[in-house]
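Enquirer: Okay, here's the prediction I keep looking at, along with the sequence it came from:
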Amino acid sequence: MVEKYDTVVIGAGPAGTAAASSLKAQGQKVAIVEEDLWGGTCPNRGCDPKKILYTAVEAKEQADLLAGQGLNTQSSIEWPDLMANKRNYTKQISPGTHESLKNNGIETITGHAQFVDQHTLEIGQQTIEAQNVIIATGLRPRILDIKGKEFLQTSNEFLDLDEMPESITILGGGYVAFELAGIASSAGAKVTLIHHNNRPLKAFPEKLVQTLCDQLSENGVEIILDQEITEIQKDSASYRVIGNDFDKKTDIVFAAVGRIANVDQLGLDQIGVEYSSKGVKVNEHLQSDVSHFYAVGDSAASPVPKLTPVAGFEANYVVDQILGDHKEIGYPLVPTIIFSLPKLSQVGVTAQQAEEDTDRYQVRTVNVEEWITYKRQHEKQPLVQLVIDQKQDQVVGAACLSMEADEMINYLRLLIKHEYSANEVSQTLFNYPTIASDIQYLY
Ligand SMILES: Cc1cc2nc3c(=O)[nH]c(=O)nc-3n(C[C@H](O)[C@H](O)[C@H](O)COP(=O)(O)OP(=O)(O)OC[C@H]3O[C@@H](n4cnc5c(N)ncnc54)[C@H](O)[C@@H]3O)c2cc1C
Ligand SMILES: NC(=O)c1ccc[n+]([C@@H]2O[C@H](COP(=O)([O-])OP(=O)(O)OC[C@H]3O[C@@H](n4cnc5c(N)ncnc54)[C@H](O)[C@@H]3O)[C@@H](O)[C@H]2O)c1
């Protein structure tokens with residue numbers, strides 16, 4: 001007999017598990033299908049393991065800045081120990097997530113989901129039916145279609161390296177490329193980052209990106225711009241990375257050139273659900289062309305950055321839709337961050353957007369190097385950029401390059417969202433001297 005469910009969720013990452021758990025809690029009969037690791041990218045091969053590695057390199061970099069300033073330190077990264085620390089965390093994620101879904105009364109099915117018709121899907125030998133479908137299958141790393149592409153590795157392998165090689169080359173100029181470059185360089189590798197045009201991290205302000213690149217270069221990362229790589233060759237124990245006028249030997253090559261949606265092998269074509277490499281085409285209710293098929297998180301071609309908090313937000317929104325709410329989705333302000341060395345984060349109206357309407361917006365960039373927060377840490381050229389709406393006399397956007405950028409942008413996000421005026425900020429008392437108290441001097 002074919003088992004029937006109210007909702008089937010495909011993919012057990014942050015988006016899928018959040019949707020399945022909420023629907024079950026609301027009394028639905030729910031199944032969730034996962035073909036690989038329960039918990040998905042973020043806790044197994046993304047944010048969390050990356051942050052464990054980053055925590056050690058961040059501590060090392062901060063200690064290095066204080067060397068000779070009263071801190072005796074000879075810190076270095078013991079990669080195998082750090083990797084053991086990471087694995088100790090990640091090893092319990094998949095079984096733990098699976099167990100918790102089962103304990104919540106959700107039917108968990110391991111395997112690759114494939115649609116037979118608009119209500120029926122097969123997972124191996126098993127066939128199930130569902131009234132509603134939520135696609136939450138995430139993204140996978142894009143591999144460049146070049147000669148020798150079989151030699152390219154991805155962030156998946158980087159985050160599970162047994163040893164840090166002497167030299168590594170990273171192709172790409174986005175989130176992953178800059179985060180891996182910082183970690184590997186701090187762990188002692190000679191890192192080369194190769195980007196195909198002259199504007200890496202193009203969603204972030206040019207001045208801050210340029211300063212980040214300068215600082216990485218000073219710390220030994222070779223950043224090569226405007227170089228299209230056409231071939232990877234294997235040379236006994238190493239590789240050659242080859243471009244038009246470029247040829248470099250390296251121990252390992254990573255492709256960090258974007259990610260593509262895992263929606264091309266679900267059998268969606270024959271049932272009329274439209275998709276592209278960006279994900280399932282969705283309307284403002286996160287519904288596909290087939291109205292009972294929803295897509296959430298990384299596998300939805302929605303107009304927002306593909307991040308864990310966004311995945312959770314979209315999952316909760318779709319749960320409400322399925323349970324009968326019909327309002328259009330309205331996204332909150334989404335802060336973004338690159339965990340590079342230093343961190344680069346932004347929120348709200350960007351400097352690029354501001355430049356398109358200079359009557360309305362003013363951009364103010366402040367070098368906060370002399371401020372106590374940064375002086376005591378001996379940070380080099382920390383920058384904060386504010387975008388001010390001159391008509392409303394309100395800060396509407398912010399970007400920050402510093403080791404404090406994560407929390408600084410979290411605070412600024414709240415002030416922007418709640419439209420705090422400079423006067424209100426000056427009337428607010430924060431612990432001093434902290435990142436929060438710095439904001440009073442910025443406003
Ligand atoms: C290296 C790296 C670092 C990152 N760091 C951050 C960070 O610091 N902060 C942040 O907010 N975001 C970060 N992200 C992004 C974050 O991981 C994703 O936005 C988040 O995981 C999206 O969740 P999701 O549930 O949509 O997709 P995923 O977490 O990718 O989950 C999708 C799941 O679907 C499964 N699946 C796919 N196809 C099928 C199928 N046919 N049948 C069954 N199951 C299937 C997959 O195996 C996977 O488990 C990072 C990503 C990477 C790669
Ligand atoms: N801290 C975080 O929140 C975090 C960290 C890692 C990943 N992520 C998520 O994962 C997604 C994927 O990250 P990503 O870095 O793989 O993709 P990305 O889209 O951020 O960057 C890809 C980069 O590769 C470049 N590129 C494309 N083709 C190239 C080529 N032939 N040679 C060299 N460079 C080339 C692009 O111009 C772009 O700069 C991010 O967009 C983000 O949603 C988030």
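Expert: Arrived safely, thanks for sending. Residues are numbered from 1 along each chain as shown. Ligands and ions are numbered 1, 2, ... in the order given.

Enquirer: what's near enough to touch residue 247?
Expert: Counting by CB atoms under 8 Å, 6 or more residues apart in numbering, residue 247 touches 240-241. Where you see a C-beta, it was placed from the backbone N, CA and C, and this is true even at glycine.

Enquirer: Check for me that it belongs to a helix.
Expert: No - counting by DSSP: H, G, I helix; E, B strand; the rest coil, residue 247 is not part of a helix but strand.

Enquirer: does it have beta-bridge partners, and which?
Expert: residue 242 (DSSP bridges).

Enquirer: For the residue of the stretch 51-200 of the chain found nearest ligand 1, give its distance to residue 280.
Expert: Minimum separation of the stretch 51-200 of the chain from ligand 1 (CB to the nearest ligand atom) falls at residue 138, amounting to 2.1 Å. Counting by CB to CB, to the nearest Å, the gap from residue 138 to residue 280 is 12 Å.

Enquirer: Could you tell me which residues touch both of the two?
Expert: By CB under 8 Å, 6+ apart, residue 138 and residue 280 have these common neighbours: 261, 299.

Enquirer: Return the residues in contact with the residue of the stretch 151-300 of the chain found nearest ligand 2.
Expert: In the stretch 151-300 of the chain, the residue that lies nearest ligand 2 is residue 174 (1.8 Å; CB to the nearest ligand atom). The contact partners of residue 174, by CB under 8 Å, 6+ apart, come to 200-201, 256-258.

Enquirer: For the residues you listed, which ChimeraX command selects only the ones that are buried?
Expert: Under the burial definition 16 or more other CB atoms under 10 Å, those of the contacts of residue 174 that qualify are selected in ChimeraX by:
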select :200,201,256,257,258
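
Enquirer: Format the contacts of residue 174 as TSV; extra columns: pLDDT.
Expert: Below are the contacts of residue 174 laid out as TSV (pLDDT from 0 to 100):
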residue	pLDDT
200	98
201	98
256	98
257	98
258	98
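
Enquirer: Could you list which of the contacts of residue 174 also contact ligand 2?
Expert: 200, 256-258 (CB under 6 Å from any ligand atom).

Enquirer: Distance-wise, check the residue of the stretch 151-300 of the chain closest to ligand 2 relative to residue 57.
Expert: For residue 174, the distance to residue 57 - CB to CB - is 19 Å.

Enquirer: Repeat that for residue 339.
Expert: Separation of residue 339 from residue 57 (CB to CB): 9 Å.

Enquirer: Now do the shared contacts for those two.
Expert: Both residue 339 and residue 57 are contacted by residue 182, under the criterion CB under 8 Å, 6+ apart.

Enquirer: ok, these two, which is more surrounded?
Expert: Using other CB atoms under 10 Å as the criterion, residue 339 and residue 57 rank with residue 339 on top: 23 against 20.

Enquirer: Make sure that one is actually in contact with residue 186.
Expert: No - here residue 339 lies out of contact with residue 186, judged by CB atoms under 8 Å, at a distance of 11.7 Å.

Enquirer: do the lengthiest helix in the chain and ligand 2 meet at all?
Expert: Looking across the chain with DSSP state H, the single longest helix is helix 47-65. No - Helix 47-65 stays clear of ligand 2 (CB under 6 Å from any ligand atom), getting no nearer than 6.6 Å.

Enquirer: touching ligand 1 at all, that helix?
Expert: Yes - using CB under 6 Å from any ligand atom, helix 47-65 reaches ligand 1 at 47, 50.

Enquirer: Mind listing residues that contact that helix?
Expert: With contacts defined as CB under 8 Å, 6+ apart, helix 47-65 is touched by 42-43, 71, 73, 75-77, 82, 85-86, 89-90, 93, 155, 159, 179, 182-183, 186-187, 308, 339, 341, 377-379, 403.

Enquirer: Among these, the buried ones, what's the PyMOL command?
Expert: In PyMOL, a selection of the buried entries from the contacts of helix 47-65 looks like this (16+ other CB under 10 Å):
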select buried, resi 42+43+75+77+82+86+90+93+155+159+179+182+183+186+187+308+339+341+377+379+403
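
Enquirer: Flag every residue of the stretch 201-350 of the chain that's near ligand 2.
Expert: Checking the stretch 201-350 of the chain against ligand 2 by CB under 6 Å from any ligand atom, the hits are 229, 256-259, 305-307, 337-339.
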